[in-house]
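Colleague: requesting a structural model of the entry that follows:
(chains A and B)
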Amino acid sequence: MNLFDIVGPVMVGPSSSHTAGAVRIGLVSRKLLGEEIKEAQILFHGSFLATGKGHGTDRAIVAGLLNMSVDDARIPESFKYAEDAGMKVTFGSIDLGEDAHPNSVRLILTGESERKLEITASSVGGGRIMINQLDGLTTNFSGDYPTLIVHNLDQPGHIAEVTSMLQHKSVNVATMQLYRSHRGGSAVMVLECDQPVPEEGIQWLKNLEGIVKVTYYSGTNGGQK
Amino acid sequence: MFQSLEIIIKESAERGVPFWKIVQEDDCRESNISPEESFEKMRRMYQAMVESVKSYDAKLRSASGLVGTEGAKVHKRRCDGELLAGDLIGVIMERALMVAESNACMKRIVAAPTAGSCGVVPAVLTAVQEEKGYSEEKMVEALYVVAGIGGVIAERASLAGAEGGCQAEIGSASAMAAGGLAYLQGADAEVISHAAVLALKGLLGLACDPVAGLVEVPCVKRNVIGAVNAVTSADMAMSGILSKIPPDQVIDAMKSIGRNMPAEVRETGRGGLAATPEGIEISKRIQM
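Modeller: Reported below is the predicted structural model:
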């Protein structure tokens, strides 16, 4: 926790978890997709489903998907902005199970180039969030740092490729998590970094054999401009 | 972030550095920024607070329709010279309502420490600044004191209604504001800490029982008691009345009370005012 989490953030109300956190989930998701969103299916779970409407959680998520930050005064009118931008939005409910955080949502996104991304995220208090699942694989990162997400085949050497690229670019790794579907199946690594990762490093990774998909998220500075 | 008020009091006394500066030094270490950068960040927070008071719009209603116009009503009665509370407390009351209402109506506010308690600190700081003519620099310094106290509460207990009930939100906001007010009047780190925990003591045990789970009833009006309590607590501490229980132990008591609170009164919307016949009726009527 940072001093400006105690006094701050500057945000549009009414709730740090149900409004500001929801904006950040949308914003991080938009950055993870890496392009304008054509279609968004938004499925609410738990407390997001029960009290989300009164807290403006629906408008907040859409605002984030439109690249607005938590203090953007346009948040209450985000549906209108989505319509203007040609973003098709549908809402629904989902039961993510007992273990899911009460403030959780699943987003099924389609970008303007047909790129697809499925994200499950939760708002864990004070506007802080956690990305719990990406395309069906478990993850656990906050969006507070520049984050590199690499989908690869589960075979030897890919971690070394990623970390040596980061070393070469003088990027320090803050946290690193590894997940896989099954031995030899699909794997994902999530690296939260202290410095931004240069574009050329990301391009280099994308061209390697066995690397399926590289997603980079440059951080939101706590969701504020 | 500091683990105790005791550490800040001791460091302040030993090095002869004021409370706010110790908090700032810690921010510079943690965020790897210069004192000037940190100060400018905090200045923006204060300016955003002032803006949140000014941007009040009496025509707005919350999505549920439960909240809106309260601040304007107190404002009118104050201007008519009818308030028992007098002018300064009157301004503080109306501003606490205005900012908390704005929050419920999806306007821009500063969470301090939370969105639900966002009216307390701006109400007392802006009203007292106008009353006493303090410079903006002085107010930014006070905001470091406010944040530092909140940081200790976050470390030792909690600032979340879901964990500690409303005492953790309005109680903490009130403690933070009281410390800031004491600082503005020239208190040292020890008296600042006592002002803070006198405020916290007054609100120990406060339940978080929002009707229909929304940050509206009773949250908006509770901002008033948090703000007014900050003023009386700062006045007590400045008069030389100190907490018989050491400051950090008061915070620990808040934590232990939070732990003993049933889930019904920790932001679930299932107990207290939310579970009254009228609370249930309102919840059904809104059907969000």
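
Colleague: could you pull out the helices for the chain?
Modeller: Picked chain A for this. Here chain A has its helices, by DSSP state H, at A:3-6, A:21-33, A:46-51, A:57-65, A:78-85, A:158-168, A:199-206.

Colleague: please go with chain B instead
Modeller: Under DSSP H, chain B gives helices at B:5-15, B:19-31, B:35-54, B:70-79, B:87-104, B:120-132, B:136-156, B:161-164, B:170-184, B:189-202, B:219-238, B:247-260, B:277-286.

Colleague: can you name the residues bridging to residue A:149?
Modeller: Beta bridges link residue A:149 to residue A:190, residue A:215 when assigned by DSSP bridges.

Colleague: wait, isn't it in contact with residue A:212?
Modeller: No: in this structure, residue A:149 is not within contact of residue A:212 by C-beta atoms under 8 Å, at 11.1 Å. (Each C-beta comes from the backbone N, C-alpha and C, glycine too.)

Colleague: any idea which residue of chain A lies closest to chain B?
Modeller: At 3.2 Å from chain B, residue A:13 is the closest residue in chain A, using C-beta to the nearest C-beta.

Colleague: number of nearby residues for that residue?
Modeller: For residue A:13, the neighbour count with other C-beta atoms under 10 Å in any protein chain shown is 30.

Colleague: now swap in residue A:91 and tell me
Modeller: 16.

Colleague: so it versus residue A:107, what's the distance?
Modeller: 11 Å (C-beta to C-beta, to the nearest Å).

Colleague: mutual contacts of these two, please.
Modeller: A:42-43 (C-beta atoms under 8 Å, 6 or more residues apart in numbering or on different chains).

Colleague: and residue B:180, what does it touch?
Modeller: Applying C-beta under 8 Å, 6+ apart, we find residue B:180 in contact with B:121, B:124-125, B:142-143, B:145-146, B:149.

Colleague: pLDDT at it, what is it?
Modeller: On pLDDT, residue B:180 comes in at 98.

Colleague: pLDDT below threshold where in the chain?
Modeller: Reading this off chain A. For chain A, the stretches with pLDDT under 70 are A:220-225.

Colleague: I was thinking of chain B, sorry if that wasn't clear
Modeller: For chain B, the stretches flagged by pLDDT under 70 are B:287-288.

Colleague: how about it: which residue is closest to chain A?
Modeller: For chain B, C-beta to the nearest C-beta, closest residue to chain A: residue B:103, 3.2 Å.

Colleague: ok, residue A:211 touching residue A:148?
Modeller: No: look at residue A:211 against residue A:148 with C-beta under 8 Å: they stay out of range, at 11.6 Å.

Colleague: give me the more crowded residue out of these two.
Modeller: residue A:148 (24 against 17).

Colleague: does residue B:190 touch residue B:8 like I think?
Modeller: No: shown here, residue B:190 and residue B:8 do not form a contact pair, counting by C-beta under 8 Å, at 9.5 Å.

Colleague: neighbour count winner among the two?
Modeller: Taking other C-beta under 10 Å, residue B:190 and residue B:8 do not tie; residue B:8 has more neighbours (26 against 20).

Colleague: tell me the contacts of that one?
Modeller: B:2, B:19, B:22-23, B:148, B:152, B:189, B:193.

Colleague: what does the stretch 151-288 of chain B put close to chain A?
Modeller: By C-beta under 8 Å from any C-beta of the partner chain, the residues of the stretch 151-288 of chain B that approach chain A are B:151, B:154, B:159-160, B:162, B:212-216, B:269, B:286, B:288.

Colleague: and those residues, which are buried?
Modeller: B:151, B:154, B:159-160, B:162, B:212-216, B:269, B:286 (16 or more other C-beta atoms under 10 Å in any protein chain shown).

Colleague: let me see the contact set for the residue nearest the centre of chain B.
Modeller: The residue lying closest to the centre of chain B (C-alpha atoms, centre = their mean) is residue B:173, at 2.1 Å. Residue B:173 makes contact with B:112-114, B:117-118, B:120-121, B:223, B:226, according to C-beta under 8 Å, 6+ apart.

Colleague: let's see it at 6 Å
Modeller: By C-beta atoms under 6 Å, 6 or more residues apart in numbering or on different chains, the contact set of residue B:173 is B:117, B:120, B:226.

Colleague: ok, residue B:188 - how many residues close by?
Modeller: 14.

Colleague: cool, and residue A:218?
Modeller: 11.

Colleague: quick check, it in contact with residue A:145.
Modeller: No: with contact defined as C-beta atoms under 6 Å, residue A:218 does not reach residue A:145; the gap is 9.6 Å.

Colleague: re the thing from before, out of the residues of the stretch 151-288 of chain B next to chain A, which two sit at the greatest distance?
Modeller: Spatial extent of those (C-beta to C-beta) is set by the pair B:151 and B:286 at 35.9 Å.

Colleague: between residue A:149 and residue A:212, which one's more packed in?
Modeller: Remark: of residue A:149 and residue A:212, residue A:149 carries more neighbours, 21 against 13, as counted by other C-beta under 10 Å.

Colleague: wait, that one touches residue A:215, no?
Modeller: Yes: because the distance of 4.2 Å satisfies C-beta under 6 Å, residue A:149 is recorded as touching residue A:215.

Colleague: who in chain A is up against chain B?
Modeller: Applying C-beta under 6 Å from any C-beta of the partner chain, one finds that chain A approaches chain B through A:1, A:3, A:6-16, A:51, A:53-54, A:56, A:71, A:73, A:76, A:125.
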